[in-house]
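Participant: how would this look folded up:
(2 chains)
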Number of protein chains: 2
Amino acid sequence: MKIVNIGLIGCGNVGNSVLRALLSKKKILENKIGISIRLAKVAEKAKKRLKGARIPKSILTKNADAVLRDPNVDIVVELIGGVHPAKEIILKAISQKKHVVTANKALLAEHGKDIFKAASRFGVSVGFEASVGGAVPVINVIKNSLVSNRIDTIYGILNGTSNFILSRMSEENCSFDRALSEAKAKGLAERNPRLDISGEDSRHKIAILALLGFGMGVKPADIYAEGIDKIDQMDIYCARAWGYEIKPLAIAKRVSSRLDIRVHPTLISIRSLLANVKDENNAIYIQGDMAGDVLLHGKGAGGAPAASAVISDIVEISKNISSSSGRKGMSKFKFDKSLKGIYRINDVNTRFYLRFSAIDRPGVLSEISKALADNKISIAIVTQKERKKGQPVPIIMLTHEAREGNLNKALARIDRMSFIAKKTVKIRIER
Amino acid sequence: MKIVNIGLIGCGNVGNSVLRALLSKKKILENKIGISIRLAKVAEKAKKRLKGARIPKSILTKNADAVLRDPNVDIVVELIGGVHPAKEIILKAISQKKHVVTANKALLAEHGKDIFKAASRFGVSVGFEASVGGAVPVINVIKNSLVSNRIDTIYGILNGTSNFILSRMSEENCSFDRALSEAKAKGLAERNPRLDISGEDSRHKIAILALLGFGMGVKPADIYAEGIDKIDQMDIYCARAWGYEIKPLAIAKRVSSRLDIRVHPTLISIRSLLANVKDENNAIYIQGDMAGDVLLHGKGAGGAPAASAVISDIVEISKNISSSSGRKGMSKFKFDKSLKGIYRINDVNTRFYLRFSAIDRPGVLSEISKALADNKISIAIVTQKERKKGQPVPIIMLTHEAREGNLNKALARIDRMSFIAKKTVKIRIER
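Facilitator: Numbering: from 1, shown residues only, chains lettered A, B, ... in the order given. Model prediction:
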């Protein structure tokens, strides 16, 4: 039986699950694919992480370089995360004609283009299924199942922590802070949850999907992102009353010859599948010109789900290695030149949910709607809540489709009006 | 550039879409995968189906055998459907070491084992992504993305026509007949819709998924199947009142060492994603021991979605052909011997929705519940509707989990009671 040798670097949560699954499922995998996937080298600095794992001492090392230097290693599995030294490790592996599997979203989002170009040059494959959506097989589906499709849209819930928090706020009608504490207690949020709730994590993931689906390298910093931390209980409540849930979406759409790419909390119809994606689950819509909408849903994080994705990459590459004459790279990466850059957020056309906080006096609604009309914003629904004594009255509005730049002009004018007590809340709406 | 030659047999709805996409997307695919996929031979008896397709006359034939005889053809794409002569065509292609791509669910459900064994013997691949779920990439995901997983459950909505009908009945509160007419008007149901609404079509599809996911060849005739044609508006209404939708499910579960496999309309919580799968869409849950639940959703039928799936198979096999030294078969099929047969429906444990039609007189509920209790069926909720003059009163009940055989004994006794006006309606419930 053909043997493929794995060099594993990093045994944290995901690495540990990969390690244990490769050991416990070795025979099953051999039976299924007819290839023996063998752990040849494991690099991990924290010894205690390997406790209980039955691996011979001879293959253990604290030094990633020992994995790269091992001539037997066919596939380097990088699971240390972060940009450095992961980037250097991966590029070195590639330059030594080793295939690479990684779950490193930050690295691929920032330097994916360089890594794929290097892989192409040295004729090796880079597997990255686990970098987006955990066990949700979005990379495989875009790359293989939808290979004949022009991808028109990719959007969905890519951050489990944010989805958990908004789900809790909606279902239990609780505050952001309480929902965040619950997420931390469940191990779904880091002690410093900034990456997740600021939209930074989703930004990395949608950058990777844009590269794969649209062949376009977009710098994460160029992607407009808004976190969920400004969402108030009241907005969730009001949205629901009008048949919407607020969900943390990442969106990438081909619009004419540019890419509309952004990350923000979004109102979506309560009757849509995405609105019913609960807890820490991820869900991704991919729209192709032949297949139509394909939705993928599942566990976006966790050791075992991510390990399932990592091993699917290992197996795909192993099959290629053992069927090819040499170590030929299979998955060439093609960059699409048809897209001419991305939309600035001000140029995006969408519908909006607005919540004005106004002192209740005659003429308020008239002045607000005049400012909107002057900027070509037309109102679809409006409701004014009853006033609680001493508090400004909330006026809730849904607009028809409008250019964001126009709306921002109107809001700048409105927020300077004397009766406006607080900055107006603006949340985008998607169908 | 490596060339892979395709022989296409059958240019109906799906075949036509494949033909046109292979022609119009030739360059795009070449760019993406670095292989030229060339139509070498096209067999179709009805000339008018090829109208407007720009294919040289030299590659056209009315005779499937001409495709099989063509030594250039690497992959035979069988899209004529039905068991005969598709089976003979495919087996002949395999024996000539040609790879096969097919969308033929009836054939694979009935003779999949033979076909995969033959393919294994001759070292060729059989692609069948389009046989289940149209553009929903369930085969690729089970085979590749979840390769390291022990599959525990596969279930979902596999028949778009049935789902459309039940969706309409639920949303518009209309009768089965009206919903069926609407499906026919939309081209979603055949003039004779028996295959779809009887559960026969889902039975074929779940048989294929059981073979792939559990390595178990189950004859379609051995799979318990109930159609949706006995679902009454009233049951949909009552189910909704208790927070359930009725959906046409196909289910395959590993329970101890046997397979629980069945097709029937089912009550599922209105808050679940499956309950929100509307219209003619398909949705499939796959539960793996590492990945957890993965849900796939999309267009289960139609020319373009199925063609998207067919071409994904063609591309996968083409990559294998051009990377291998010879025409080595890549996707060996392993049969699992760990499962010891399937459950008889009477041995299945589940919860039930029951609707009794009773003449309203004292003691009715007491006699019904005694018959249930005597057979170890315990009641979770019960409600008795108000009587309309001259009509029997409906008594609606949800049971706790019970063995179906026990329930059937109780119902046989109840349906013989003098106050029972009509056969009791029984619908299974899944979480």
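Participant: any idea of the mean pLDDT in stretch A:399-406?
Facilitator: The average pLDDT within stretch A:399-406 is 98.
Participant: now do the buried residues in it.
Facilitator: For stretch A:399-406, burial by neighbour count (16 or more other CB atoms under 10 Å in any protein chain shown) applies to A:399, A:402, A:403, A:404, A:406. Bear in mind the C-beta positions are built from the backbone N, C-alpha and C, glycine included.
Participant: out of the residues you listed, list just those in helices.
Facilitator: A:404, A:406 (DSSP state H).
Participant: which one of the buried residues of stretch A:399-406 is nearest residue A:265?
Facilitator: residue A:404 (14.9 Å; CB to CB).
Participant: distance-wise, check the residue of chain A positioned farthest from its centre relative to residue A:371.
Facilitator: Distance to the chain centre peaks in chain A at residue A:362, reaching 45.7 Å (criterion: CA atoms, centre = their mean). Using CB to CB, to the nearest Å, we find residue A:362 at a distance of 17 Å from residue A:371.
Participant: same thing with residue A:271?
Facilitator: Distance from residue A:271 to residue A:371, by CB to CB: 32 Å.
Participant: these two - which one has more neighbours?
Facilitator: Counted by other CB atoms under 10 Å in any protein chain shown, residue A:271 and residue A:371 do not tie: residue A:371 has more neighbours, with 19 against 13.
Participant: need the contact partners of the helix or strand hosting the more buried one.
Facilitator: Taking DSSP states H and E as the definition, residue A:371 sits inside helix A:364-374. Defining contact as CB atoms under 8 Å, 6 or more residues apart in numbering or on different chains, one finds that helix A:364-374 is touched by A:356, A:358, A:378-379, A:382, A:384, A:395, A:399, A:407, A:410, A:413-414, A:417, A:419.
Participant: can you show me the helices along the stretch 251-400 of chain A?
Facilitator: With DSSP state H, counting those that start in this stretch as the criterion, the stretch 251-400 of chain A has helices at A:303-323, A:364-374.
Participant: out of these, the one nearest residue A:266 is which?
Facilitator: helix A:364-374 (20.5 Å).
Participant: give me the number of residues near residue A:383?
Facilitator: The burial count for residue A:383: 12, using other CB under 10 Å.
Participant: likewise residue A:55?
Facilitator: Neighbours of residue A:55 (other CB under 10 Å): 16.
Participant: that one touches residue A:23, doesn't it?
Facilitator: Yes. Shown here, residue A:55 and residue A:23 form a contact pair, counting by CB atoms under 8 Å, at 7.0 Å.
Participant: identify the contacts common to the two.
Facilitator: Joint contacts of residue A:55 and residue A:23 (CB under 8 Å, 6+ apart) are residue A:39.
Participant: comparing the helices of the stretch 251-400 of chain A, which comes out most buried?
Facilitator: helix A:303-323 (a mean of 25; mean count of other CB atoms under 10 Å in any protein chain shown).
Participant: what packs against it?
Facilitator: Using 3 or more CB pairs under 8 Å, 6 or more residues apart in numbering or on different chains; DSSP states H and E as the contact criterion, the elements in contact with helix A:303-323 are strand A:2-9, helix A:13-24, helix A:26-33, strand A:35-43, strand A:75-78, strand A:99-102, strand A:126-127, helix B:303-323.
Participant: so which of the ones you listed comes closest to residue A:201?
Facilitator: helix A:13-24 (15.0 Å).
Participant: buried residues of the helix or strand harbouring residue A:413, list them for me.
Facilitator: With elements taken from DSSP H and E, the one containing residue A:413 is helix A:404-414. Neighbour-count burial for helix A:404-414 flags A:404, A:406, A:407, A:409, A:410, A:411, A:413, A:414 (criterion: 16+ other CB under 10 Å).
Participant: gap between the two ends of stretch A:18-32?
Facilitator: 18 Å (CA to CA, to the nearest Å).
Participant: do stretch A:139-158 as well
Facilitator: 13 Å.
Participant: how many residues are close by residue A:356?
Facilitator: 26.
Participant: in contact with it, which residues?
Facilitator: Contacts of residue A:356 (CB under 8 Å, 6+ apart): A:368, A:394, A:395, A:396, A:397, A:414, A:420, A:424.
Participant: nearest to chain B, of the residues you listed?
Facilitator: Closest approach between the contacts of residue A:356 and chain B, by CB to the nearest CB: residue A:396, at 25.6 Å.
Participant: hang on, that closest one packs against residue A:358?
Facilitator: No. Using CB under 8 Å, residue A:396 makes no contact with residue A:358, being 11.3 Å away.
Participant: hey, what's in contact with both of those two?
Facilitator: Common neighbours of residue A:396 and residue A:358 (CB under 8 Å, 6+ apart) do not exist.
Participant: what does the stretch 201-350 of chain A put close to chain B?
Facilitator: A:271-273, A:276-277, A:283, A:288-299, A:302, A:304-305, A:307-309, A:311-312, A:315-316, A:319-320, A:323-325, A:328, A:330, A:332, A:334 (CB under 8 Å from any CB of the partner chain).
Participant: tell me if I'm right that residue A:60 and residue A:40 touch.
Facilitator: No. With contact defined as CB under 8 Å, residue A:60 does not count as touching residue A:40 (11.3 Å).
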